[in-house]
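Participant: the amino acid sequence is not available; the structure is as follows:
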């Protein structure tokens, strides 16, 4: 049986984040069925994901969003993240939030690079949480990052 | 059968936002029935929308509000937005928040222009989420904006 | 049948806000039964209102509170406001929050004036939401204010 | 029948706040049965109180906590207060939060004085909310304070 | 019968926090069965813990997370903490949050020391809340700390 994964994204985003996520899942995993859902902005993502989990019976969701440069954008991202956490608690299912803040990037190419890296890695994480959670446990405390290179772990001195 | 859409607005707003929303829906869509509900301020919008969704059986809501210039106004908007997200999670229905912050505008005419653009576009989005969600998916990652002109998308260099 | 309205207030407030609210309702409306409930501070108001709505079967509530001058007081008001919104979403009933911030006023007489104006107007709004919601719809977008004079509306240039 | 009151406190606090609360209730009230529950920190208080209310059938709770001087401590207090409000809304029972912020005090003796005053007064308030709510209504708008002396009320000029 | 404890951690953390927690529980307690769950980041911990409590029937959980140095990391920690509190209120079970902020430490060895101390002490607290809550009550108001040495209590002058 296929793993059913929901991907929610926005028309607000300046980058087609779902393209990277879909490409990653199609290349790395088999037996995954994806249901897409596009909403206007990040504050619309929590209910979109909840509908994917409850009405479409997705086992987990990836919520893709871009956050603008203004303080109000940061606030919207905060509200969306709170909603995504609440939606998970109401469904007992995972929703990985992959938000890219425009302020993180030094220019457009850097923004695209962060978008691709974060969308791809979290798309893979979303599937792993359902199909192979032990794979994540092997990386516990390893300083993994999405958007940039992994930072690695700190070990006690021998 | 008609799509039943709720529109909630406030007496606090200095602009009649519902006028633009109603006009847009009437001009662009057929088969829409609108139920209006006016409350004093934006913090009263979450329950107003939840009542429209649950007691009036609206399929989606548009929450229209104006946010004053003081820090307390920003806080009220934050609380209202959190409540709108929670109301959506409790009902599994969309509530699009179209809030206009007085601080966004450089003068009264600019404020009116933002109000009209945002109210019209989000009114259309509210109906599209019910009647034609594929239309939104076509605009995923396209940098759409409500209140100002769209900013467009960033494409990877070939 | 009488409209049953709950009024919750605090011992923290330096002004007897309920006096103004009761007086306004008694003067302007007939057929209203009021149930009062006093709690220590504003963070106790959400559950007080929920109990009035659910255990006393009030149809709507007015939550009256004064907010001190310190940052911690602002935070308490924020938490109380979030709770009041949640209580409304859990009951599908309105709770109008009429909070007066000491920082709003330039002196004691100004504070009293804000208290009276806001308590009276929101007391009336609470009853109108139940008895005559069309009255509020007529004032949509009219720039109504509680605590100070109404600011009025902005109209598009002809 | 005895009034069953829950008292939750923390090992983080530098002052034994429950001592003052217990002493106050024992001296001022009869017919009160107290159930105590100690948790590590203030963020553990919401669920501790909810368990006291639901599993131990307490009629109301007093949540005693000390808040450190760092910004992270203020954030923990904010999160705990939000949780305490939510716990009340889920149970329709009161939880009075008596938090003492180290930053409030000018030295250790002042801190102790605030602790004792706030713990004692809110312990009494917790019992009054169940046994004698009319007593609180008599003090509505009287500017009562816990931790410091009452500030009194402002009356309109005759 | 064994006490079933859940331990949730992240791949984001630069330190293997679960190692310390597991070691502490194995050394200090008998009759404990541990269920582990690793997720990408701290915002994924609330639902992970809820699943451990509800789907794995754990009696309590320890949520282990590292918080980066940027403002966005602080915001994520805030959102995760709110979610952990909500998850507890939904389950009536404890989830102890043991978050280490990179900003707390002056260098890598200091960070490791904080990690070990906090993870070990809160691992013990998690088991004590189930197996021996009276042990915690004996330490009420004693100024216990996790991450650093205990600060001790302040006593009234005789």
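Facilitator: Nice, I can see it. It should be emphasised that the depicted structure is a prediction, and the values quoted were computed from it without experimental measurement.
Participant: so residue A:78 touches residue E:79, yeah?
Facilitator: Yes: contact between residue A:78 and residue E:79 holds when scored by Cβ atoms under 8 Å: they sit 7.0 Å apart. The C-beta positions use only the backbone N, C-alpha and C, and glycine is treated the same way.
Participant: quick one, which of these two is more surrounded?
Facilitator: Neighbour count, other Cβ atoms under 10 Å in any protein chain shown: between residue A:78 and residue E:79, residue E:79 has more, with 24 against 20.
Participant: quick check, the more buried one in contact with residue A:82.
Facilitator: Yes: between residue E:79 and residue A:82 there is a contact under Cβ under 8 Å: 5.5 Å.
Participant: how about the helices of chain A, start to end?
Facilitator: Counting by DSSP state H, chain A has helices at residues A:17-28, A:45-54, A:71-91, A:108-131, A:133-137.
Participant: pick the most buried one from those helices.
Facilitator: With neighbours taken as mean count of other Cβ atoms under 10 Å in any protein chain shown, these reach their highest mean count in helix A:45-54, at a mean of 26.
Participant: that one near chain B at all?
Facilitator: Yes: contact of helix A:45-54 with chain B is found when judged by Cβ under 8 Å from any Cβ of the partner chain, involving A:46-48, A:50-51, A:54.
Participant: now, which of the residues you listed sits nearest chain D?
Facilitator: Distance from chain D was checked for each of these by Cβ to the nearest Cβ. The minimum falls on residue A:46, at 17.5 Å.
Participant: give me the distance between the closest one and residue C:93.
Facilitator: According to Cβ to Cβ, to the nearest Å, residue A:46 stands 24 Å off from residue C:93.
Participant: same question for residue A:147.
Facilitator: Taken as Cβ to Cβ, the spacing of residue A:147 relative to residue C:93 amounts to 44 Å.
Participant: settle it for me: which of the two has more neighbours?
Facilitator: Legend: neighbour count by other Cβ under 10 Å for residue A:147 and residue C:93, higher for residue C:93 (23 against 19).
Participant: which residue is the nearest non-sequential neighbour of that one?
Facilitator: In space, and not counting its chain neighbours, residue C:93 is closest to residue C:53: 4.9 Å by Cβ to Cβ, 6 or more residues apart in numbering or on different chains.
Participant: same check, this time on residue A:47
Facilitator: Counting by Cβ to Cβ, 6+ apart, residue B:88 is the residue found nearest to residue A:47 once chain neighbours are left out, at 3.7 Å.
Participant: got it, and residue A:6?
Facilitator: Counting by Cβ to Cβ, 6+ apart, the residue nearest residue A:6 is residue A:52, at 3.1 Å.
Participant: the most centrally placed residue in chain A pairs with what?
Facilitator: Nearest to the mean C-alpha position of chain A, counting by Cα atoms, centre = their mean, stands residue A:98 at 3.2 Å. Residues in a beta bridge with residue A:98, per DSSP bridges, are residue A:64.
Participant: got the contact list for it?
Facilitator: Applying Cβ atoms under 8 Å, 6 or more residues apart in numbering or on different chains, one finds that residue A:98 lies in contact with A:17, A:21, A:62-65, A:118-119, A:122-123, A:146.
Participant: got it, and residue A:93?
Facilitator: By Cβ under 8 Å, 6+ apart, residue A:93 lies in contact with A:53, A:58-61, E:47.
Participant: and for residue A:114?
Facilitator: If you count contacts by Cβ under 8 Å, 6+ apart, residue A:114 has them with A:100, A:104-105, A:147-148.
Participant: need those in TSV with pLDDT and distance to chain B, can you?
Facilitator: Formatted as TSV, those follow (pLDDT from 0 to 100; distance: Cβ to the nearest Cβ, whole Å):
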residue	pLDDT	distance to chain B
A:100	98	11
A:104	95	14
A:105	96	10
A:147	96	16
A:148	94	18
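Participant: any of those residues buried? List them.
Facilitator: Of the members of those, the ones counted as buried by neighbours, 16 or more other Cβ atoms under 10 Å in any protein chain shown, are A:100, A:104-105, A:147.
Participant: so which residues on chain A come close to chain E?
Facilitator: For chain A, the contact set with chain E under Cβ under 8 Å from any Cβ comprises A:74, A:78, A:81-82, A:84-86, A:88-89, A:92-97, A:101, A:122, A:125, A:129, A:133, A:136-137, A:139-146, A:151-154, A:156-157.
Participant: again, 6 Å this time
Facilitator: By the criterion of Cβ under 6 Å from any Cβ of the partner chain, the positions of chain A lying close to chain E are A:78, A:81-82, A:85, A:88-89, A:92, A:125, A:136-137, A:139-144, A:153-154, A:156.
Participant: got a list of what whichever residue of chain A sits closest to chain D touches?
Facilitator: Nearest residue of chain A to chain D, counting by Cβ to the nearest Cβ: residue A:82, 10.6 Å away. Shown in contact with residue A:82 (Cβ atoms under 6 Å, 6 or more residues apart in numbering or on different chains): residue E:79.
Participant: try residue A:92
Facilitator: Counting by Cβ under 6 Å, 6+ apart, the residues that residue A:92 touches are residue E:51.
Participant: distance of it from residue A:85?
Facilitator: Distance from residue A:92 to residue A:85, by Cβ to Cβ: 13 Å.
Participant: likewise for residue A:20?
Facilitator: When distances are taken as Cβ to Cβ, residue A:20 and residue A:85 turn out to be 24 Å apart.
Participant: how about residue A:73?
Facilitator: Applying Cβ to Cβ, the value for residue A:73 to residue A:85 is 19 Å.
Participant: if we can go back for a sec, pLDDT value on the residue nearest to residue A:6, please?
Facilitator: Note on residue A:52: pLDDT of 98.
Participant: do the same with residue A:135
Facilitator: With respect to pLDDT, residue A:135 scores 97.
Participant: quick one: it and residue A:128 touch, right?
Facilitator: Yes: using Cβ atoms under 6 Å, residue A:135 is in contact with residue A:128, at 5.2 Å.
Participant: so where's chain A uncertain?
Facilitator: Within chain A, the set of residues satisfying pLDDT under 70 comprises A:158.
Participant: what residues does it put near chain B?
Facilitator: Taking Cβ under 6 Å from any Cβ as the test, the list of chain A residues beside chain B reads A:9, A:11, A:13-16, A:18, A:38, A:40, A:46-47, A:50-51, A:75, A:79, A:83, A:86-87, A:108, A:112.
Participant: any chance of the helices of chain A in a markdown table, plus distance to residue C:25?
Facilitator: Conversion of the helices of chain A to a markdown table gives the following (distance: least, Cβ to Cβ, whole Å):
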| stretch | distance to residue C:25 |
| --- | --- |
| helix A:17-28 | 53 |
| helix A:45-54 | 37 |
| helix A:71-91 | 35 |
| helix A:108-131 | 54 |
| helix A:133-137 | 58 |
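Participant: so for residue B:69, which of those helices sits nearest?
Facilitator: Nearest to residue B:69, of all the helices of chain A, is helix A:71-91, at 13.2 Å by Cβ to Cβ.
Participant: taking chain A, what residue is nearest to chain C?
Facilitator: Among the residues of chain A, residue A:82 lies nearest to chain C; the distance is 10.6 Å by Cβ to the nearest Cβ.
Participant: can you tell me how far residue A:4 is from residue C:124?
Facilitator: Taking Cβ to Cβ as the measure, residue A:4 falls 52 Å from residue C:124.
Participant: sorry, that was for residue A:24
Facilitator: Residue A:24 is 58 Å from residue C:124, where distance means Cβ to Cβ.
Participant: and residue A:143, what does it touch?
Facilitator: Contact criterion Cβ under 6 Å, 6+ apart gives A:150-153, E:14 as the residues in contact with residue A:143.
Participant: keep only those that also lie close to chain C.
Facilitator: Within the set of the contacts of residue A:143, contact with chain C (Cβ under 6 Å from any Cβ) is found for no member.
Participant: which of the residues you listed are buried?
Facilitator: In the contacts of residue A:143, the ones that pass as buried (16+ other Cβ under 10 Å) are A:153, E:14.
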